[in-house]
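Peer 1: here are the coordinates; sequence isn't available:
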């Protein structure tokens, strides 16, 4: 018993010594530095509230943004303010909500520019803008926003990767990937380096991964939006694939040029002439190249800057022979078609060619069922997200207006013809 008590006293004494050990000076300095950045940036981040309407159905949502100048300009995400009719911003330490005007919004880069009313100018504290191109993988970063509506939330992490392309996101961008926590409500908030400089706009996140728009992209888009109110981009209708070292060696292609064509959309001016496995070497004489997936985004963005309606020249390599092709640059189509939300619990979306290609649909006619509300009549009927609505009540469906017109007829039930995969079915949706 005496031996046990002696051991206990010794252990407690050791634990006391450990607990009382001084915090390493370097760590204490780092901790203080992070808290100083956090305290400073929260005065520049705003909580954004949105009221909107989609197909005559009202909704409310929230997000984040940050002040970039003393004239009341705020950067946020396109998806935060999309379909909005009222946007307000709330500042740290001020309970009042200030009206904001959407100066411009760009779906393709998920960037939006707001102007807050003059009454809020007393709260303005612009962020310090940095450069994401100087950031390196492994560097520490802070993400700031309002996840789930909780104001002034700061998360800490590292840059996991740069130049990320997110196939599930119909966004023309080269994301910064981070493990700093970004949840619903944090979208539109800033990502900062350890100098307290903003290097990006947080766009989306989940499952331990988050993606941020480089600040250089956001500022470039901001300038274009303020100049013209909108952005039209060039489009060749070509899907490309990078070529790694081994493939280049086998095909005897220099690492300084070449991207492989994987698919050409039917609406492309090059359809039927540019073929899968063709290798694009130059566009209007300028070399294009991609060794990895991350290298494709700069190429895609370069192509999107081509003048719409103008003829361009492609230098290609096909089966070892060099060829030249000319074609017209078209306007980049919207990533999503028009939507209509049925009171029976489903959302019908027009099928654009990018949507058909993304989901590997074999047809563009009809409308795509993009969402089913839980517990709705549509769900109970067996209709599922991903179905293509071909006809309703014996009438062919080509677009969202057709769906809206047919379902405006007062009926107890509706007979729908849908395509699911390669098979067709009848579904009865009751009111």
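Peer 2: That came in fine, so what should we check first? The structure presented is a predicted model; accordingly, all values stated were derived computationally and were not measured.

Peer 1: so where's the stretch 301-431 of the chain shaky on pLDDT?
Peer 2: For the stretch 301-431 of the chain, applying pLDDT under 70 flags the ranges 335-336, 354, 357-360, 362-364.

Peer 1: so where do the strands sit in it?
Peer 2: Remark: strands of the stretch 301-431 of the chain, listed N- to C-terminal, are 311-318, 321-328, 330-331, 339-341, 346-350, 367-372, 388-392, 395-396, 413-420, 423-430; assignment by DSSP state E, counting those that start in this stretch.

Peer 1: the last one vs strand 388-392, what angle?
Peer 2: Going by axes from the mean of the first three to the mean of the last three CA atoms, to 10 degrees, strand 423-430 is angled at 60 degrees with respect to strand 388-392.

Peer 1: strand 423-430 pairs with which strands, and in what direction?
Peer 2: Within its sheet, and counting by DSSP bridges, strand 423-430 is paired with strand 413-420 (antiparallel).

Peer 1: how distant is the partner strand from the center of its chain?
Peer 2: Strand 413-420 has its average C-alpha position 32 Å from the chain's average C-alpha position, going by CA atoms, centre = their mean, to the nearest Å.

Peer 1: so which of the strands of the stretch 301-431 of the chain gets nearest residue 129?
Peer 2: For residue 129, the closest of the strands of the stretch 301-431 of the chain is strand 330-331, at 30.9 Å, according to CB to CB. All C-beta atoms are positioned from the backbone trio N, CA, C, and that covers glycine.

Peer 1: so what touches the closest one?
Peer 2: When contacts are defined by CB atoms under 8 Å, 6 or more residues apart in numbering, strand 330-331 is touched by residues 232, 233, 234, 235, 236, 237, 267, 268, 269, 308.

Peer 1: and the gap between the residue nearest to the fourth one when sequence neighbours are not counted and residue 42?
Peer 2: By that I understand residue 235. The spatially closest residue to residue 235, leaving aside those adjacent along the chain, is residue 332, at 3.8 Å (CB to CB, 6 or more residues apart in numbering). For residue 332, the distance to residue 42 under the criterion CB to CB, to the nearest Å works out to 37 Å.

Peer 1: look up phi and psi at residue 270.
Peer 2: For residue 270, the backbone dihedrals are phi -100, psi 0 (criterion: degrees, to the nearest 10).

Peer 1: count of neighbours near it?
Peer 2: In terms of burial, residue 270 registers 21 neighbours under the definition other CB atoms under 10 Å.

Peer 1: switch to numbering from 33
Peer 2: Got it, first residue is 33 now, which makes that one residue 302.

Peer 1: sorry, back to before: now do the contacts for the residue nearest to residue 267.
Peer 2: So residue 364 contacts 140, 264, 265, 266, 267, 336 (CB under 8 Å, 6+ apart).

Peer 1: kindly recompute the last result at 10 Å.
Peer 2: For residue 364, the contacting residues are 140, 204, 263-269, 335-336, 340, 386, taking CB atoms under 10 Å, 6 or more residues apart in numbering as the criterion.

Peer 1: could you redo these as JSON lines and give each row distance to residue 249?
Peer 2: Listed next are the contacts of residue 364 as JSON lines, based on distance: CB to CB, whole Å:
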{"residue": "140", "distance to residue 249": "10"}
{"residue": "204", "distance to residue 249": "9"}
{"residue": "263", "distance to residue 249": "12"}
{"residue": "264", "distance to residue 249": "17"}
{"residue": "265", "distance to residue 249": "13"}
{"residue": "266", "distance to residue 249": "17"}
{"residue": "267", "distance to residue 249": "18"}
{"residue": "268", "distance to residue 249": "21"}
{"residue": "269", "distance to residue 249": "23"}
{"residue": "335", "distance to residue 249": "16"}
{"residue": "336", "distance to residue 249": "12"}
{"residue": "340", "distance to residue 249": "20"}
{"residue": "386", "distance to residue 249": "20"}
